[in-house]
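# pasting the sequence and the predicted coordinates here, then a few questions.
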Amino acid sequence: MKYDEIEKIIGYIFKDKTLCDTAFRHSSYAYGNGLEDNERLEFFGDAILDYAVTEYLFLNVKNLQEGKLSKIKAKSVSTETLASIVEKLGLNKYLVLNANDGTSNTSKKTQANLFEAVLAAITLDSNVETGKQFALKYIAPYIKEIMSSDVFDDYKTALQEYAQQHKLILEYEFISKTGPEHNPEFCFISKIDGKQLGVGRGKNKAEAQYQAAKNAYNVLKDRGLEN
């Protein structure tokens, strides 16, 4: 294990190097070698991360209710977010695994689990406060990014509630899929009672529908949410 490289990346020096070893040991490798894998650390790290982000939001975000706070938290600790952090740091290349069974260090779930395992290892090697500081060093920028955008607004739900309230039919119609297979762009339109209200584009169907819902909701909002 290249402790110096890992510790330089994460900004923490382990007193107990075995915790670092365990954090970077995937179950695919540990199982066949009679060693402890990182799953228990991942379990503990998940709880520390949840606590750290919940406390951060409670202390720093005063103007939002529980529902919005929960959405921000869910987005900021999502598999996608944690995997992105690990990939940017390059920590996944130090993960010890058995590639022969199909396990990959580029799997988003594997990367997210690694972040939580490292967080737990740091916490156990030091204290909860140090663990929280490590987590928030990387998560806080994502929280700020989420809050500065409208990504946590659930436009599809709002549009559906509007349609139900007015006894209208809401539909999302697929229009096109363009671009190469590895980087496609989908296009959907949102329609209420057959009338087109919004157009949305995205890298997948869900994102395109979300954008179509957002644009439709904004049209209705400009009209005072009247049909």
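On my side now, so go ahead. Residues are numbered from 1 along each chain as shown.

# and the residue nearest the centre of this structure?
Ser78 (2.5 Å; C-alpha atoms, centre = their mean).

# separation between it and Val53?
To Val53, Ser78 is 11 Å away according to C-beta to C-beta, to the nearest Å. Just so you know, the C-beta spots here come from the backbone N, C-alpha and C atoms, and that holds for glycine as well.

# same question for Gln133.
Distance from Gln133 to Val53, by C-beta to C-beta: 13 Å.

# these two - which one has more neighbours?
Val53 (23 against 15; other C-beta atoms under 10 Å).

# what helix or strand does Thr130 sit in?
Assigned by DSSP states H and E, Thr130 belongs to helix 128-147.

# right, and the helix or strand after the lowest-mean-pLDDT helix or strand in the chain?
For the chain, using mean pLDDT, DSSP states H and E, the weakest element among its helices and strands is helix 27-33, scoring a mean of 79. Later in the chain than helix 27-33, the nearest helix or strand by DSSP H and E is helix 39-60.

# what angle do that next one and helix 128-147 make?
Angle, helix 39-60 to helix 128-147, by axes from the mean of the first three to the mean of the last three C-alpha atoms, to 10 degrees: 60 degrees.

# go through helix 39-60 and flag the buried ones.
39, 41-42, 44-46, 48-49, 52-53, 56-57 (16 or more other C-beta atoms under 10 Å).

# ranges for the strands of this structure?
170-178, 185-192, 195-202 (DSSP state E).

# quick one: strands adjacent to the longest one?
The pairing partners recorded for strand 170-178 under DSSP bridges are strand 185-192 (antiparallel).

# and the angle from the partner strand to strand 195-202?
Computed by the same axes, to 10 degrees, the angle between strand 185-192 and strand 195-202 is 160 degrees.

# what sits up against strand 185-192?
159, 163, 168-179, 196-205, 207-209, 211-213, 215-216, 227 (C-beta atoms under 8 Å, 6 or more residues apart in numbering).
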